[in-house]
Each structure stands twice: as C-alpha cells, then as structure tokens.
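Sequence and predicted model, in that order:
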Amino acid sequence: MQFERDGALASQHLQSLVDSGVICLETPAQADQIQPASIDLRLGSRAYRVRSSFLPGKDRTVADCLDDLAMHSVDLVDGAVLEKSCVYIVPLQESLNLPTNLVAAGNPKSSTGRIDVFTRLITDYGVEFEQVPAGYSGPLYAEIAPLTFSVLVRKGSRLSQLRVRSGVSSIDNESHFELQQSERLVDVNLTANQVKNGVPVSVDLVGDQQSGLVGFRAKRHSGVVDVDLPAAHPYIDFWEPLYARSKQLILDPGEFYILVSKEAVHVPFDFAAEMVPYDTLVGEFRVHYAGFFDPGFGAAAAGGKGARAVLEVRSFDVPFLLEHGQNVGRLVYERMLETPDRIYGQGVPSNYQAQGLKLSKHFIMG
C-alpha cells in the first residue's frame, strides 16, 4: 500500500489496512475501535504474570521470553483482576503485516493513563517499547503494570492504541511556530524561541475559582477499577481532592496525581499530536503517559472550544515543588495523510472533549 505523501494514517486509511489484512484481527472489529488517527488494541484471552519487564531483543520472540519469565497465566475470558505492583504480558487480538513503507507506534489510551495503569506495546524481536518497525509481520503484546489501583480486565478490554505512519510525519520547530500563529495550538502568545521540539504546556495550580480545586491524588489502598465500566466507581473512594491556595504543590515520591494544563489545547483536523515530557532538567517527574491527541481535540468546530490537557503526574526519588505556570510537557504535532473521516468529538464518541480538570470515565463525581 503506497501513499503519495508522508503523514499519520487517518481513520479511513486504517480501515483499509484492516480490510486488506495489513492489520489482522482475531475477532471482528468493534464499531468504535478505529479512531480518527489510531486503532484501539484489544486484550486477548490470557495474561501472563512475569517476574519483570523485558524487551525481547533482536534475536528472541516474546514467546521465548515468556518461557523464561512467566510465573503463571490468568484466563481473561470471563474477566480477571490484574494486581497492582505486578507485571503482566497479554497477547493482543490485533497483529500486523506491515509493508516496508509503514511504521507504527503504541500508546496507552487516555482512560488507561488516568488510572495509573502503565502499559507498553511489545513486538517479537523488539529493541524498543511502543515502536513497530517497517515491514514487521507478527503478533503484538501489551505489557501491563497497574501501579496504583488493581484493575478488572477481560478479553476485549482496550487499554492501548496504535498509530500508523507513512514516511516522516513530524514537523520542525518553524512549522510548529507557524501552526501556533495560524491555528492557536495553545491559547497563549509564544515566541519562536519558546517553540522548541513542540509547543510547551504548563500546569494550572490556581484551579477552580470558587473551590480552589487543582487536582487529585490517588489513594493507595482502594478497591478494584473495572476498566470497561464508565461511571461505576464513586471518586471519593479512590481519590483525594487537592487544593493549592499558594499556587504551589509538592509532589510526594511514588504518589500519582491528576492535574490539568494551564493552557487550552487545540489540534487542527489535519494534524495529530502527542504529549511528551518537557525536559528532565526541569525536574524529576513524569507527566502524561497517555500521550496521543486526535485531530479535532479542542477544536471549536468539533465542540471542544477551550479543552485543556489532563496531566498524569508521578514524582521520582525526591519531593518536588511544582509552581503555577511551570512547563511540564510539550505537544509535538504531526501531519495527517488526509483529514480523517471521523473527527474527535464530531461523530466519534468522546469522554474528554471540551474538558477541564477531569478524572477518567470510570468515576462518578459528586
């Protein structure tokens, strides 16, 4: 399958890959499985509890590694709990027969990152997580490590997604700045010097004008989250509201936080974006492990005027002081091959369009 230009494949292209067998499905696709710039990946019928995370390396398959590292297996057909602080490998229902002109990348879905489930894509002979090289033909696996909450999953649960690219879809600093000037990617004025390897995103620690709510900290000894049930869990059983009246927040090592960007974010219809860490030099913390933003996120024409980026934050090693307006991440934009025939928030079901500070879809607020 050849394309005349470079870019990330849109929903109509992904459907063509499914129809042609480039993306192989163990069971028929679900109606909403193909998103504007990605396809959701579904868990298979069995999970393998392993002693540690691993990469197969260029000489081994994932199955070879499981022979050495698997402790026991868990049947997912009728549902099973994946315990926090444990690592699992799950064969996915999707596999790939990529041509030499296509590559792919994985990423957790938004709802997965917001419940602190660390998941990464692995391939046979893989030397990098989340990356599928051109010409790869074989199965896909998810490494799943619930870090804060134990989670109930089942065959067909969708924790991660796959974006497919033709050629070089990324854009340079100058193009990012031009796009910021013309499309207002974030609702602040930026100089060309500030747009470096993407558009900077900062944290909001002023919060709600009436309550002063700025975020949530996960409770470490909570119940099980069913990943397939929206609005099923009272938030107060799992989260502690946070108020930062001094416009500051000290992150405790090992704790998990949900915060929100100061800026409203916009992804034009002909582009996709990914949130990446700003720079390890600004502090030892990780922001946003569910990084894909679809075309139409935050777009007024798709009902998303003023959508902000929810930040999944974890501090490492030492307590770290965050201050209002501090840069915590970068939005890196890439070109789409074509405008998707499904736009985020416009004909595609969306839990997070026009969002502010918001927990994952699993929780009942109030």
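That came through fine.

Show the subsequent helix or strand relative to the helix or strand of the chain with the lowest mean pLDDT.
Among the helices and strands of the chain, strand 347-348 carries the lowest confidence by mean pLDDT, DSSP states H and E, at a mean of 56. Beyond strand 347-348 in the direction of the C-terminus, DSSP states H and E gives the next helix or strand as strand 363-364.

tell me the mean pLDDT over that following strand?
Confidence over strand 363-364, taken as the mean pLDDT, stands at 95.

name the helices or strands packed onto it?
strand 233-234 (3 or more Cβ pairs under 8 Å, 6 or more residues apart in numbering; DSSP states H and E). (C-beta placed from N, C-alpha, C; glycine too.)

partners of the strand it packs on, with directions?
Strand 233-234 has these partner strands in its sheet, going by DSSP bridges: strand 363-364 (parallel).

How far away from the center of its chain is the partner strand?
A distance of 20 Å separates the centroid of the chain from that of strand 363-364, by Cα atoms, centre = their mean, to the nearest Å.

who touches it?
With contact meaning Cβ atoms under 8 Å, 6 or more residues apart in numbering, strand 363-364 is reached by 231-235, 238-239.

Return the members of those classed as buried.
233, 235, 238-239 (16 or more other Cβ atoms under 10 Å).

And these, which is closest to residue 312?
Distance to residue 312, by Cβ to Cβ, is smallest for residue 239 among the buried ones among the contacts of strand 363-364, at 12.8 Å.

Does the nearest residue to that closest one once chain neighbours are set aside fall in a helix, a strand, or a coil region?
With sequence-adjacent residues excluded and distances taken as Cβ to Cβ, 6 or more residues apart in numbering, residue 239 is closest to residue 216, at 4.2 Å. Recorded secondary structure, residue 216: strand (DSSP: H, G, I helix; E, B strand; the rest coil).

Name whatever forms a beta bridge with residue 216.
Note on residue 216: beta-bridge partners by DSSP bridges are residue 241, residue 258.

Surely it is in contact with residue 358?
No. Counting by Cβ atoms under 8 Å, residue 216 stays clear of residue 358, with 9.8 Å between them.

more neighbours, those two?
More crowded of residue 216 and residue 358, by other Cβ atoms under 10 Å: residue 216, with 21 against 18.

who touches that one in this structure?
235, 239-242, 257-258, 359.

Now render the buried ones among the contacts of strand 363-364 as TSV, adding distance to residue 26 and pLDDT.
Shown next, in TSV, are the buried ones among the contacts of strand 363-364 (distance: Cβ to Cβ, whole Å; pLDDT from 0 to 100):
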residue	distance to residue 26	pLDDT
233	30	96
235	35	97
238	32	98
239	35	98
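
which one of the residues you listed is nearest residue 139?
Looking across those and measuring by Cβ to Cβ, the closest to residue 139 is residue 233, at 32.5 Å.

ok, back up a step: closest to residue 68 among the buried ones among the contacts of strand 363-364?
Ranked by distance to residue 68 (Cβ to Cβ), the buried ones among the contacts of strand 363-364 are led by residue 238 at 35.5 Å.

What degree of burial does the residue nearest to that closest one when sequence neighbours are not counted show, as a neighbour count?
Distance criterion Cβ to Cβ, 6+ apart; nearest residue to residue 238, sequence neighbours excluded, is residue 222 at 4.5 Å. Here the number of neighbours of residue 222 (other Cβ under 10 Å) works out to 15.

What separation do you get for residue 222 and residue 240?
10 Å (Cβ to Cβ, to the nearest Å).

repeat for residue 125
Taken as Cβ to Cβ, the span from residue 125 to residue 240 is 43 Å.

Comparing the two, which residue is more hemmed in?
residue 125 (16 against 13).

Could you measure from the more buried one over to residue 274?
From residue 125 to residue 274 the distance is 25 Å (Cβ to Cβ).

go on, residue 28?
29 Å.

between those two, which one's more packed in?
The neighbour count for residue 28 versus residue 274, taken as other Cβ under 10 Å, is higher for residue 274 (20 against 8).

my guess is residue 276 meets residue 333, correct?
No. Using Cβ under 8 Å, residue 276 is not in contact with residue 333, being 11.3 Å away.
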